[in-house]
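**Q** build the 3D model from these lines:
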Amino acid sequence: MIKKIIQMGWNIVELVFVLILLCLAVGIVLGPDQSGSFIRGVSDNALGFLREVPAGIILALSISVGLYWLIKKRA
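**A** Okay, here's the model as predicted:
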């Protein structure tokens, strides 16, 4: 029961992450004038967040997630 709830939670997190990436890609392809207000808002929020977070933290999180996936893949 708990495993199903945890798996469903991770599926939701992955879906939201893919949605954000899709909105960023559509915003880049269409440009700021042609994309809708929702896509422009998501793009502005994501880019604003990435500008505020120091580069070292983003790099550390990327390395940590990469190592986690590598270790989990081998286990």
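
**Q** so how far is Ala46 from the most centrally placed residue in the chain?
**A** Residue closest to the mean C-alpha point of the chain, counted by CA atoms, centre = their mean, is Phe17 at 3.9 Å. Phe17 sits 11 Å away from Ala46, going by CB to CB, to the nearest Å. C-beta here means a position set from N, CA and C on the backbone, and glycine is covered the same way.

**Q** how far off centre is stretch 62-70?
**A** Centre-to-centre, stretch 62-70 and its host chain are 15 Å apart (CA atoms, centre = their mean, to the nearest Å).

**Q** alpha carbons of that stretch, as PDB, please.
**A** Extracted in PDB, the C-alpha atoms of stretch 62-70 (Å, rounded to 0.1, in the frame of the first residue of the first chain):
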ATOM      1  CA  SER A  62      22.900  17.600 -11.000                       C
ATOM      2  CA  ILE A  63      25.900  15.500  -9.900                       C
ATOM      3  CA  SER A  64      24.000  14.100  -6.900                       C
ATOM      4  CA  VAL A  65      21.000  13.100  -9.000                       C
ATOM      5  CA  GLY A  66      23.300  11.600 -11.700                       C
ATOM      6  CA  LEU A  67      25.200   9.600  -9.100                       C
ATOM      7  CA  TYR A  68      22.000   8.400  -7.400                       C
ATOM      8  CA  TRP A  69      20.600   7.100 -10.800                       C
ATOM      9  CA  LEU A  70      23.900   5.500 -11.600                       C
END
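
**Q** identify each buried residue in that stretch, please.
**A** Neighbour counts over stretch 62-70 (16 or more other CB atoms under 10 Å) mark no residue as buried.

**Q** now the helices for the chain?
**A** 2-34, 37-52, 55-74 (DSSP state H).

**Q** okay, these in TSV with mean pLDDT next?
**A** Shown next, in TSV, are those (pLDDT from 0 to 100):
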stretch	mean pLDDT
helix 2-34	86
helix 37-52	84
helix 55-74	88
